[in-house]
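Novice: any chance you could fold what I've pasted below:
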Amino acid sequence: MFQEIPSTGMSALNRGRATICIVNYKTLTPVRLCLRSIRKFTRFPHKVIVVDNDSRDESLEYLKSLQWIHLIELNFKHVKRLGSEAHASALDIGLEHCNSEFFVAMHSDTIVKKENWLTELVGYFESNEQIACVGSGKLEDIPWWKTAVKKATNFKALKRRLFYNPQEHDQYRYHNRTICSLYRTEILQREKLSFLMGKEKHLTSGQGLYLALKDRRYKTVELPSSVMGQYVLHLNHATMVLNCHEFRLRERTIKKYKRFTREVMSSELIQTLSRDESLDQ
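Specialist: Numbering: from 1, shown residues only. Predicted structure coming up:
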C-alpha cells in the first residue's frame, strides 16, 4: 500500500499504483468479505477507498473501525438516493480522490479469490497507453445450452431488431461492468468521463463511460467471464436482496441469490475469510 497525497492533476498520478474504489450500502457481510479478500490477496501497490451511501447501519460501523481504508461517508439529508445512479455518483467521488495510475471500480459483493489478482489484471494493460479499460461482463456461470435457449427465445431482442429504436440502442450494447473493472485514470481525467454518463438513456453505472471510451476509439480489454471468474466471484444483487424492502426485485432473483450464496458461504475461501479477523487490522 502507499500513502495518499493530495491530487494536483494528471502529472501527480502515482505510476505503477492503483486505487480500488468500493461503494457500500447496507451490505455488512459482503463488504467485510470483499475487504478482507483484498487485504489477503493483493500485492500490487494500492489504496482502498470505500464510499458509503448513507447506510446508517452495522456495515458503516464496521467500515469506521478499519484504519487501512479511506472511508468517505455520504449523508443524503433530504432525498434517499438508491440504485445505479447512487452507485455511479459514489464512484465519481472515489475517482475524484484517485491519484494513482489505475482506478479499480468494484462492487461491495465482489470477493477476490486469487493471489496477485490485481497484478495480473493490470498486466492486461501491457505498456499500451491507448488501453483505457480492462474488465468483463456479467460473472454468471451459465451452461452453454441455457445461453442458447435464452437467445433463441429472446422475443424482446427480436422485437428490437424488427422495430429498431435508436434511442434504446446504447442500453443493449456490451460494456465492461463495474463488478470489477480497471481504468487508466489519466484517460478518464483527460476525457472528463463520469460513471453517471448516460443516465438520461437509462444506462447503468459505468455503461455510458465505457461506451464513450469505445466511441472515442480507445482500446479496451474484454475478458470472458470464465477468465475474470478466476480472479473474483460476485454475489450478484446482494445489495438489493439484503435490502429488498427498498428495492423492486423479482422473487425468482431473490431465490437464485440465496441459493448461490449458500453454496459460496460454505466454501473454504469464505470460511477462511470469515474467521480471519486479523485481516481487518
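Novice: where does G16 fall, secondary structure wise?
Specialist: Following DSSP states H and E, the helix or strand that holds G16 is strand 14-24.
Novice: from the chain's centroid, how far away is that strand?
Specialist: On the basis of Cα atoms, centre = their mean, to the nearest Å, strand 14-24 is displaced by 12 Å from the centre of the chain it belongs to.
Novice: what of stretch 21-35?
Specialist: Its chain's C-alpha centre lies 11 Å from the corresponding centre of stretch 21-35 when counted by Cα atoms, centre = their mean.
Novice: pull out the buried positions in the strand holding G16.
Specialist: Within strand 14-24, the residues that count as buried by 16 or more other Cβ atoms under 10 Å are 14, 17-24. (Each C-beta comes from the backbone N, C-alpha and C, glycine too.)
Novice: what pLDDT, on average, does the helix or strand just after it get?
Specialist: Per DSSP H and E, strand 14-24 leads on to helix 28-41 as the next helix or strand towards the C-terminus. If you average the pLDDT over helix 28-41, you get 98.
Novice: next one: stretch 55-72
Specialist: For stretch 55-72, mean pLDDT is 97.
Novice: got the end-to-end distance for that stretch?
Specialist: Taking Cα to Cα, to the nearest Å, the span from the opening residue of stretch 55-72 to its closing residue is 12 Å.
Novice: buried set for that stretch?
Specialist: Residues of stretch 55-72 classed as buried: 55, 59-60, 62-63, 66, 69, 71-72 (neighbour count, 16+ other Cβ under 10 Å).
Novice: pretty sure T204 is touching S84, no?
Specialist: Yes - under the contact definition of Cβ atoms under 8 Å, T204 touches S84, with a separation of 4.7 Å.
Novice: who touches both of those two?
Specialist: By the contact definition Cβ atoms under 8 Å, 6 or more residues apart in numbering, T204 and S84 are jointly contacted by no residue.
Novice: could you check the angle the strand holding G16 makes with helix 28-41?
Specialist: 160 degrees (axes from the mean of the first three to the mean of the last three Cα atoms, to 10 degrees).
Novice: tell me the strands beside strand 14-24, with direction?
Specialist: Looking at strand 14-24 with DSSP bridges, its partner strands are strand 46-53 (parallel), strand 100-107 (parallel).
Novice: pipe those into CSV and attach distance to Q281 and mean neighbour count per row.
Specialist: As requested, the strands paired with strand 14-24 are arranged in CSV below (distance: least, Cβ to Cβ, whole Å; neighbours: other Cβ atoms under 10 Å):
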stretch, distance to Q281, mean neighbour count
strand 46-53, 14, 23
strand 100-107, 21, 25
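Novice: among those strands, which is nearest E126?
Specialist: Go through these one by one with Cβ to Cβ and the one that ends up closest to E126 is strand 100-107, at 12.9 Å.
Novice: what residues does the closest one touch?
Specialist: By Cβ under 8 Å, 6+ apart, the residues outside strand 100-107 that reach it are 13-23, 34, 46-47, 91, 94-95, 118, 122, 125, 178-186, 188, 195, 206, 234, 238.
Novice: pull it out as PDB, backbone CA atoms only.
Specialist: Extracted in PDB, the C-alpha atoms of strand 100-107 (Å, rounded to 0.1, in the frame of the first residue of the first chain):
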ATOM      1  CA  SER A 100      -2.900   6.600  -9.000                       C
ATOM      2  CA  GLU A 101      -2.300   5.300 -12.500                       C
ATOM      3  CA  PHE A 102      -5.200   2.900 -12.300                       C
ATOM      4  CA  PHE A 103      -8.700   3.200 -10.900                       C
ATOM      5  CA  VAL A 104     -10.500  -0.100 -10.000                       C
ATOM      6  CA  ALA A 105     -14.300   0.000  -9.600                       C
ATOM      7  CA  MET A 106     -15.500  -2.900  -7.600                       C
ATOM      8  CA  HIS A 107     -18.900  -3.900  -6.100                       C
END
